[in-house]
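# Have a look; sequence and predicted model below, questions after that.
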Amino acid sequence: RKEVEQDPGPFNVPEGATVAFNCTYSNSASQSFFWYRQDCRKEPKLLMSVYSSGNEDGRFTAQLNRASQYISLLIRDSKLSDSATYLCVVSRAGNNNDMRFGAGTRLTVKP
Amino acid sequence: DAGITQSPRYKITETGRQVTLMCHQTWSHSYMFWYRQDLGHGLRLIYYSAAADITDKGEVPDGYVVSRSKTENFPLTLESATRSQTSVYFCASSESRTSGYNEQFFGPGTRLTVL
């Protein structure tokens, strides 16, 4: 079983839609959680960290459920520019520099 | 403001040849990382380095060698390339923090094809 699992999608949504991505991780001792964004044939870039209490950044909301070992990302009012692959990232227990990446969920926002 | 750069950006080589991928960062970040990205697997950590002359294995280190004689450089060598090492290789760097998250900044990647 992979340490970090994501629904690969693709998710095809119209502009203005709300879309949610889920991610599960296997190591209950993991401490740090992130969502990265990767555009086609580009490098990944940090979208947002995920905190235990949940956090919001504009149209993006991230949630963490430690009991279920589950992370989510909600995008409201989708824009064409949100089209990308979203990577769920989890640190290994005791080592915030050893990250495990999910394979990514691809999102396409259409006019 | 170069940030983090990788060279070459594209490389085609043959099975059995030695290949070195270069990574250079201008931020004086303590940590540097090498990942490979393959369809269906996402990014997988090959090696990372906490400082000059300190390196550690990641998830998939077999077949790779790294060194870090200077803080700003972190070359990755495939000693005898195999077809299974065809991939996109990303270098990344991050600051050293005693707590909290360490955002990793990625280079543009090197697309390596082993024939």
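All right, it came through fine.
# Show me the shaky parts of the chain.
Using chain A. Counting by pLDDT under 70, chain A has low-confidence residues at A:93-94.
# I was thinking of chain B, sorry if that wasn't clear
Using pLDDT under 70, chain B drops low at B:1-2, B:97-101.
# can we see that at 80?
B:1-2, B:40, B:96-102 (pLDDT under 80).
# where does it come near chain A, residue by residue?
B:31, B:33, B:35, B:40-45, B:48, B:50, B:58-59, B:90, B:94, B:97, B:100-104, B:106-109 (C-beta under 8 Å from any C-beta of the partner chain). C-beta coordinates here come from the backbone N, C-alpha and C atoms, glycine included.
# Now the buried members of those residues.
B:31, B:33, B:35, B:41-45, B:48, B:58-59, B:90, B:94, B:101-102, B:104, B:106-107, B:109 (16 or more other C-beta atoms under 10 Å in any protein chain shown).
# Mind checking which of those residues are in strands?
Members of these lying in strands (criterion: DSSP state E): B:31, B:33, B:35, B:42-45, B:48, B:90, B:94, B:106.
# Quick check: the farthest pair among those residues?
Greatest spatial distance in these: B:31 and B:42, 19.7 Å, computed using C-beta to C-beta.
# Can you name the residues that contact the residue of chain A most remote from its centre?
The centre of chain A is farthest from one residue, residue A:111, which by C-alpha atoms, centre = their mean lies 23.0 Å away. Contacts for residue A:111 (C-beta atoms under 8 Å, 6 or more residues apart in numbering or on different chains) come out as A:14-15, A:80.
# so of those residues, which ones are in strands?
Checked against DSSP E, the contacts of residue A:111 include these in strands: residue A:14.
# Pipe the contacts of residue A:111 into TSV and attach neighbour count and distance to residue A:8 per row.
Shown next, in TSV, are the contacts of residue A:111 (neighbours: other C-beta atoms under 10 Å in any protein chain shown; distance: C-beta to C-beta, whole Å):
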residue	neighbour count	distance to residue A:8
A:14	9	20
A:15	12	22
A:80	10	21
